[in-house]
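In: how would this look folded up:
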Amino acid sequence: MNKLPSALPKAQKKSKPTANTESKPEVPIARHHYLVGIGASAGGLEALSALISSLSIKLGLCYVVVQHLSPTYRSMLVQLLSRDTAMAVKEIEDGFKPEPDTIFITPASSNVTMHEGCFKLTTTSRKMVPKPSVNVFLTSLAEQYGEDSIGVILSGTGSDGAQGIREIKAVGGFTFAQEPGSAKYDGMPQSAIGTGCVDWILPPDQIAQKIAAIADSREHLSPPEKTSGSASTLKQLLMKVRQRTKVDFSGYKENTVWRRIERRMAANHLATLEDYFRYVDADPEELEHLSKDILISVTAFFRDKTAFEALAKTLFKVVQDKRPGDEIRIWVAGCATGEEVYSIAMLLCEQAGSVLSRFKVQIFATDLDLNAMATARKGSYSAASLSEIEPALVAKYFSAKGDSYEVSKLLREMVVFARQDLAQDPPFLRLDLVSCRNVLIYFQTDLQAKILSMFHYALRPEGYLFLGRSENIYQQDSLFRHHDKDAKIFLRENVLNRPPFTGGAFTLPAPEKATPATAVTATKNGEFQYLDAAARFYLPPGVLINSSFDMLHLYGNPGEYLNISDGKPAFDLLHMIRAEFGADLQTLTHQALHKKASAYGRPRALRLDSGKRVVRLVVHHLSHGSLGGLFLVCFEPAPKSRVVEGPGARVESVSGWNVKELEDELVATREHLQAVIEELETSNEEMQALNEEVQAANEELQSSNEELEAANEELQSTNEELTTVNEELQVKSAELTEIAYDIENVQNCIGFPLFVVNRAQELERFNRPAADLLSLDSTMVGQRVNRIKRPRGMGDFAESIRQVITDGKPIETPLASDNRHYILHVTPNFSPTGVRGAIVF
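Out: Presented below is the predicted three-dimensional model:
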């Protein structure tokens, strides 16, 4: 199916376009100042060092490193990576904002996400692995930054990060994976590559170079949509794409297509649209890359779990309404690599249970991307792709084949794959469910209306339509109604709808010679002509409306009873009917709906173009199973009153008629008032329920506010404690510095040599006379005593020092050199834990 990527942070995606122009969230960084998410695990430090040391320090980008760490491990990444770059390296704290030319490190035991342009830290449970999660951050990065997000997966075991790469690719960002041969552990890079959503597979240093090239290209890139003659150039470019790939993108939103073109220009380091046009002429394969960028096949199993839980209930109802031997027909338009269609197949199997074999199940899966459908047909997926599926379902519907999992034969035989263009090809028919998620939002309004009309034509009565979170039926709201508003599941309205196409399976056959079959057709045509003539000559003028008073069909020229008022046109009967019938229409519709029978109004004397006429309004309720049903509103001639002969009688008749008319008006007014009262009571009940919900929500908000205030007070208290501790540490540090100066001055004031060693007989400190006698300097600190240069003829005193450290008793012994005599004093240096060394003087 035709699909475009999206930069929508909330759009749930699969094989579809990636750019969306309406609802990209604002972030504090400039539009093309990318945020780069880097995920790594085992062996990641080496790859991170290679990547970061190769990054330019003046790109203006922000980098976030998510490295798997033990929750009890104190990370040294900040210190280690600081040695490889001149950029600032910081550990993330909750509420920090991204900064250009800065590398942020995710702390252990916390997941980091983006929220309103700031980093948000969330403490993870002890059972949750891996941590911090690369998938969690990359997913939130895609939601917040859209096409300005860049995802990088480096060395590591497992599959963390693969789903995040899918999300970034789905919104039009750039994705990288380390070349597996250069990775110490290739589990994470291979899982990312296996998604089919990685743009470049490179060693770490080349990833840095490519990021720099993309950032530099975007900085100097001229927005193609603002180029002179861009509209005509776009048409020419899309024509070239259509000729090369047989895919017509003319019905897609222009802003979406422009963003995909801009992405390709940045990827190819081209600054202007003219340069890109020349590049396409020189390398026609670029047209295929552009088409694939527009048709990115990104999807996942049970994407948006809440919606699929609602769909499970809908499928249960579909199964319950079927009898043994009936067909269950489902169409997944835009199936991409097949995850969604197999998800629906699993739901159907679970809801049908043991009775599934009683039905003829056919699930049609269509898409424009043949490469994506090849993956879907194969039905083989990585372990990372199945991470969101319950283990019981994986065991039931998949079998392990090496490093991947294959769908079961049961699911595979239920699904039929086919290439189809929604904009051009005819649909499947008699369907119970159509699933077309996150596709329509990227089409222009006319194409949306056309496809929704086609879905309505394809569905059986009471069939269901399943759309994405960002989609709706506004273009054809008379054809569907809400079944589950939150899950975006709609129910087909049983109204007349012509198929929005003329070719393919719906082309009318050429005339043929008379046969028994054509004779039957002729008989049916004759019957239709008879009914049409009878309706035209004998039925009163009428209007077919729904419960919202929208006019669906007119018959018998009811124009005399309708008016068009000034202002914005409204095509519902309540606004267009003559004022004399306005109150009657609401009252009679209300009566017909509740009584499930025809409701008759009071006669009205009207001055029409054809003369004076007495007309009454009649509303017939038509039960079609839709919400409120349909209504046939007719303008019938009122039954004639008796004409009384004679002058006196005539006056009495006229007087009687006036009284009767007033009585009728009074009765009509009372009925209308009663209908208004009933509607008001209903509205009051709804308002009361709504008010209770608002009060409950308000109480929850107040409770949340109190919790936030308490948390804020705790944070302030903790901050004050930390400030106090910090001040105390600063005071202690100053005191220790002063003590160190005092000790150094004292030992230098002693007139004889003195030095201190530890238990390993390594030199720790000495005074000036010791330095003069034994030729000591700062380089000797940490050296063993036996390496000290003694005066000529002086004996070794290392053994005496060892004995004092061992016994803990002082020693005093004579010592001589060639020209002087000394007395050696060795005293143990005690600490609370015992002898820690010796003092020699």
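In: Residues contacting stretch 560-577 from elsewhere in the structure, which ones?
Out: For stretch 560-577, the surrounding residues in contact (C-beta atoms under 8 Å, 6 or more residues apart in numbering) are 541, 543, 545, 548-551, 578-579, 581-582, 585-586, 608-610, 615, 633, 635. Yep, even glycine has a C-beta here, placed from its N, CA and C like the rest.
In: repeat that for 6 Å
Out: 543, 545, 549-551, 578, 585, 608, 635 (C-beta atoms under 6 Å, 6 or more residues apart in numbering).
In: likewise stretch 804-821?
Out: Contacts of stretch 804-821 (C-beta under 6 Å, 6+ apart): 759, 791-794, 800, 822-828, 835, 838.
In: Of the residues you listed, just say which sits nearest to Leu51.
Out: Arg759 (44.1 Å; C-beta to C-beta).
In: what are the ranges of the strands in the stretch 401-550 of the chain?
Out: Along the stretch 401-550 of the chain, counting by DSSP state E, counting those that start in this stretch, strands occupy 404-407, 415-419, 431-436, 459-467, 480-484, 489-492, 542-546.
In: Which one of the ones you listed lies nearest to Glu143?
Out: It's strand 459-467; of the strands of the stretch 401-550 of the chain, that one is closest to Glu143 (C-beta to C-beta) at 19.6 Å.
In: Give me the helices and strands touching that closest one, please.
Out: strand 431-436, strand 489-492 (3 or more C-beta pairs under 6 Å, 6 or more residues apart in numbering; DSSP states H and E).
In: of the contacts of stretch 560-577, buried ones?
Out: For the contacts of stretch 560-577, a burial check counting by 16 or more other C-beta atoms under 10 Å picks out 543, 545, 549-551, 578, 585, 635.
In: how about low-confidence regions in the stretch 101-250 of the chain?
Out: 125-129, 218-230 (pLDDT under 70).
In: pull the helix or strand with minimum mean pLDDT from this protein.
Out: Scoring the helices and strands of the chain by mean pLDDT, DSSP states H and E places strand 15-16 at the bottom, with a mean of 40.
In: Give me the mean pLDDT for the next helix or strand after it.
Out: Sequence-wise, the next helix or strand downstream of strand 15-16 (DSSP states H and E) is strand 35-40. For strand 35-40, the mean pLDDT works out to 93.
In: Strand 35-40 pairs with which strands, parallel or anti?
Out: strand 62-67 (parallel), strand 149-153 (parallel) (DSSP bridges).
In: Which of these has the highest mean neighbour count?
Out: Neighbour counts (mean count of other C-beta atoms under 10 Å) averaged over each of the strands paired with strand 35-40 peak at strand 149-153, with a mean of 31.
In: Next one: Leu69 from Leu815, what distance?
Out: Separation of Leu69 from Leu815 (C-beta to C-beta, to the nearest Å) stands at 55 Å.
In: if we can go back for a sec, now, among the buried ones among the contacts of stretch 560-577, which is nearest to Lys401?
Out: Within the buried ones among the contacts of stretch 560-577, proximity to Lys401 (C-beta to C-beta) peaks at Asp550, which comes in at 54.3 Å.
In: Skip the chain neighbours and tell me the closest residue to that closest one.
Out: Leaving aside its chain neighbours, Asp550 sits nearest to Asp572 (5.2 Å; criterion: C-beta to C-beta, 6 or more residues apart in numbering).
In: Can you get me a residue count around the one you found?
Out: A total of 13 residues lie near Asp572 under the criterion other C-beta atoms under 10 Å.
In: Which pLDDT value goes with it?
Out: pLDDT, Asp572: 80.
In: now do Phe96
Out: pLDDT at Phe96 comes out at 91.
In: my guess is it is in a helix, correct?
Out: No - counting by DSSP: H, G, I helix; E, B strand; the rest coil, Phe96 falls outside a helix, being coil.
In: Tell me how far it lies from Val64.
Out: 10 Å.
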